[in-house]
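Chemist: Based on what follows, work out the 3D shape:
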Amino acid sequence: MDIEALLLARIQFAANITFHILFPSITIALGWLLLFFKLRHNATGDARWKRLYGFWVKVFALSFAMGVVSGIVMSFQFGTNWPGFMEKVGNIAGPLLAYEVLTAFFMEATFLGIMLYGQGRVSNRIHTLATLLVCVGTSLSAFWIIALNSWMHTPAGFEMREGVAHAVDWWAIVFNPSMPYRLVHMMLASGLTISFLVAGLSAFRLLRGSTADDARLGLKVGVTLAAVLIPVQILVGDLHGLNTLKHQPAKIAAMEGLWETTEGAPLLLFALPDETTRSNRFELAVPNMASLILTHDLNGEVKGLNAFEGEHPRVAPMFWSFRIMVGMGMLMLAASWLSAALLWRRGTLPPLLLRGLVAMSLCGWVAIVAGWYTTEMGRQPWLVYGVLRTADAAAANVGAGLIWTSLAVYLALYAALTVAYVLVLFHMAYKQDANGPQASPLANTLKEQAE
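Modeler: Here you go, the predicted model:
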């Protein structure tokens, strides 16, 4: 495969995985939130929890269907664009993908029908059990996919025989050095994604004049969950960064835009990395802060990119994708803590903050995609770190023209489906209230505050 075709194949896979990951990032945590709604209704008999369950189970079904379809499309590319991947590491990747289907997907697909249509047709205990099993299925799916992806970053438990990877220790393969950090990081990211989606759609309903108590309850649940999860995510992110520094130091150097190995490395808040001159322009830095974060020592040594010349990812995309992820995380922290403080103290939020939460309904997507790009681009030029180069796994007989054509079709289709999905979510929220956007006491209060 020539250089242009290789780059296009990488972009095509990135487009497919970007579209696909949007939907599991919702369903992984939403399943557990649905179980929470169900258990609260069982315990209290409060109809608000039942109405929340009834609305969000529809969102779960829609997201699950979108995830399944996009996942099927993505899997085809292993055979068309990346045959070298399965040829060299298929003995490990194949079983892990099969475990995901056998232990997770079948469970989700089987009990999703009961969860969607079984209420009132089966006993409440069976319906609750079905909800629990769907939750377990979504989490197991995340477990196996993260296990494989983590193994590609920190491969362990295998040996090479005649250029092919063979498993020698499945425990070491599954629980490779980066897997626990990545799994927890992803589960929390999904929790934050659904927290802001619940808060955003609930805020949208309130701004439209909803009189339903479940809208206010949903807002409180979403905001509170986000406020609890975001500091935990920051802590886990720090631990994940330390693990990455140990196993993939070139990735950390690219994320930090650090060219020379430095003691007391500064934290760059802004810079324009230039790979031609191997330097940064217009640096805005906090002295010693990168060393403190990465080594917990103000004068700790951090390796620079020049120590990995020719064996590190492109710097500018890494530098900015990482900062987008962190910046979105800081915005989530501020929005959730401010909203939680006001909501628990006053019982309501001012219209401006409600509009802000509506605008942030899908901010979790931005953070997850930016973080995913940081992770995957940071592995380059390796597909399996230290084992298989990306260029060596690409198909040799697929031309750039063919990839251009299919990529254009994919991008157009994915853009249309994403817009349609978001519009359907807000349409469902609008239709959830039987009275529509009529004025309510809460709406009048919000209007008075705005004036």
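
Chemist: need the helices for the stretch 51-200 of the chain, in chain order.
Modeler: Secondary structure of the stretch 51-200 of the chain, counting by DSSP state H, counting those that start in this stretch: helices at 83-100, 106-117, 124-153, 170-174, 179-207.

Chemist: With respect to residue 257, which of those lies nearest?
Modeler: Taking C-beta to C-beta, helix 124-153 is the member of the helices of the stretch 51-200 of the chain nearest to residue 257, at 20.8 Å. Yep, even glycine has a C-beta here, placed from its N, CA and C like the rest.

Chemist: how about JSON lines for the helices of the stretch 51-200 of the chain, with mean pLDDT added?
Modeler: JSON lines is the format used below for the helices of the stretch 51-200 of the chain (pLDDT from 0 to 100):
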{"stretch": "helix 83-100", "mean pLDDT": "87"}
{"stretch": "helix 106-117", "mean pLDDT": "84"}
{"stretch": "helix 124-153", "mean pLDDT": "92"}
{"stretch": "helix 170-174", "mean pLDDT": "94"}
{"stretch": "helix 179-207", "mean pLDDT": "94"}
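
Chemist: just those helices: most buried one?
Modeler: Most buried of the helices of the stretch 51-200 of the chain, by mean neighbour count (mean count of other C-beta atoms under 10 Å): helix 179-207, with a mean of 24.

Chemist: Tell me which helix or strand comes right after that helix.
Modeler: Moving toward the C-terminus from helix 179-207, the first helix or strand encountered (DSSP states H and E) is helix 213-247.

Chemist: Tell me the helices and strands packed up against that next one.
Modeler: When contacts are defined as 3 or more C-beta pairs under 8 Å, 6 or more residues apart in numbering; DSSP states H and E, helix 213-247 sits against helix 47-80, helix 179-207, helix 249-256, helix 289-295, helix 315-346.

Chemist: Name the residues that touch the helix or strand that the shortest one is followed by?
Modeler: Read that as helix 289-295. Scanning forward in sequence from helix 289-295 by DSSP H and E, the next helix or strand is strand 301-302. The set of residues that contact strand 301-302 without belonging to it, under C-beta atoms under 8 Å, 6 or more residues apart in numbering, is 245, 252-253, 256, 258, 261-263, 265, 290-291, 294-295.

Chemist: partner strands of strand 301-302, parallel or antiparallel?
Modeler: Using DSSP bridges, the strands paired with strand 301-302 in its sheet are strand 262-263 (antiparallel).

Chemist: elements contacting the next helix or strand after the partner strand?
Modeler: Toward the C-terminal end, the helix or strand that comes next after strand 262-263 (DSSP H and E) is strand 267-274. On a contact count with 3+ C-beta pairs under 8 Å, 6+ apart, strand 267-274 meets strand 279-286, helix 289-295, helix 315-346.

Chemist: now these as a markdown table including distance to residue 183 and mean pLDDT?
Modeler: Compiled in a markdown table, these are given as follows (distance: least, C-beta to C-beta, whole Å; pLDDT from 0 to 100):
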| stretch | distance to residue 183 | mean pLDDT |
| --- | --- | --- |
| strand 279-286 | 31 | 88 |
| helix 289-295 | 22 | 88 |
| helix 315-346 | 17 | 92 |
